[in-house]
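K.L.:
Pasting a predicted model and its sequence here:
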Amino acid sequence: MKELRLGSINGSHGIKGWVKVFSYTDPMEAILDYSPWILKKGREEKEVKVRKGQVSGKRLIALLEDVDSRNAADALIGYEVHVAQDALPELEPGEYYWYQLEGLTVRDSDGAVFGLIDHMLETGANDVMVVKPTDESIDDQERLIPFVDNEIVIKVDQVAGEVVVDWKIDY
């Protein structure tokens, strides 16, 4: 079973077992829609069910099954929150999860290779592909290319493993 990391537990909240959660989802509370969570820390792994969760100020807190004290919550600090990939909802055609883009080759419409998508960044205006050079790349430059569909991103072909962009070498 493939898993995705969606966040981490970075503290306890109160005395009744609530944990503070740092979420990579957008919106941040979307992580609460997935249960069970697979918690991982080093070689340790445990599955927990989310009983409830909420936004508290600027942070997210969650109450997990069988975690009913501050000590139990403290014991979970540092665990990464993973979920099974197949727990994610199906996307509409033309939509992608970031993990589906990572590792794809980025090339321009003439076929010149810029590199591979190492990871994605959220900038507020639009998502950005962080493209690292490979042996096939036209140079050794890391590039930040905005993921703007039908303007900069011409085509995403997951089967071929590539993203075709309208981007020039000297941008």
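P.N.:
It's in.
K.L.:
From now on I want contacts and neighbour counts done on CA atoms only, so please keep to that.
P.N.:
Fine.
K.L.:
where do the strands sit along the chain?
P.N.:
Secondary structure of the chain by DSSP state E: the strands cover 3-13, 18-23, 37-41, 44-48, 50-56, 59-64, 80-84, 105-108, 113-122, 127-132, 143-146, 153-157, 162-165.
K.L.:
Wait, residue 73 touches residue 66, no?
P.N.:
No. Judged on CA atoms under 8 Å, residue 73 makes no contact with residue 66 at a distance of 9.9 Å.
K.L.:
between these two, which one's more packed in?
P.N.:
The residue with more neighbours, out of residue 73 and residue 66, is residue 73; 26 against 13, by other CA atoms under 10 Å.
K.L.:
For the more buried one, give me its contacts.
P.N.:
11, 12, 17, 18, 19, 67 (CA atoms under 8 Å, 6 or more residues apart in numbering).
K.L.:
Just among those residues, which is most surrounded?
P.N.:
residue 19 leads the contacts of residue 73 on contacts (other CA under 10 Å) with 28 neighbours.
K.L.:
Run through the bridge partners of it.
P.N.:
Beta-bridge partners recorded for residue 19 (DSSP bridges): residue 12, residue 62.
K.L.:
repeat for residue 7
P.N.:
On the basis of DSSP bridges, residue 7 is bridged to residue 23, residue 81.
K.L.:
That one against residue 80, yeah?
P.N.:
Yes. With contact defined as CA under 8 Å, residue 7 counts as touching residue 80 (5.9 Å).
K.L.:
Which of the two has more residues huddled nearby?
P.N.:
Taking neighbours as other CA under 10 Å, residue 7 and residue 80 compare with residue 80 leading, 22 against 19.
K.L.:
Quick one, grab the pLDDT at that one.
P.N.:
pLDDT recorded at residue 80 is 97.
K.L.:
And residue 59, by the same measure?
P.N.:
So, for residue 59, pLDDT stands at 90.
K.L.:
Report the buried residues of stretch 113-130.
P.N.:
Buried positions in stretch 113-130, judged by neighbour count with 16 or more other CA atoms under 10 Å: 113, 114, 115, 116, 117, 118, 120, 127, 128, 129, 130.
K.L.:
Tell me the gap between stretch 64-74 and the middle of its chain.
P.N.:
Here the centre of stretch 64-74 is set off from its chain's centre by 26 Å, with CA atoms, centre = their mean, to the nearest Å.
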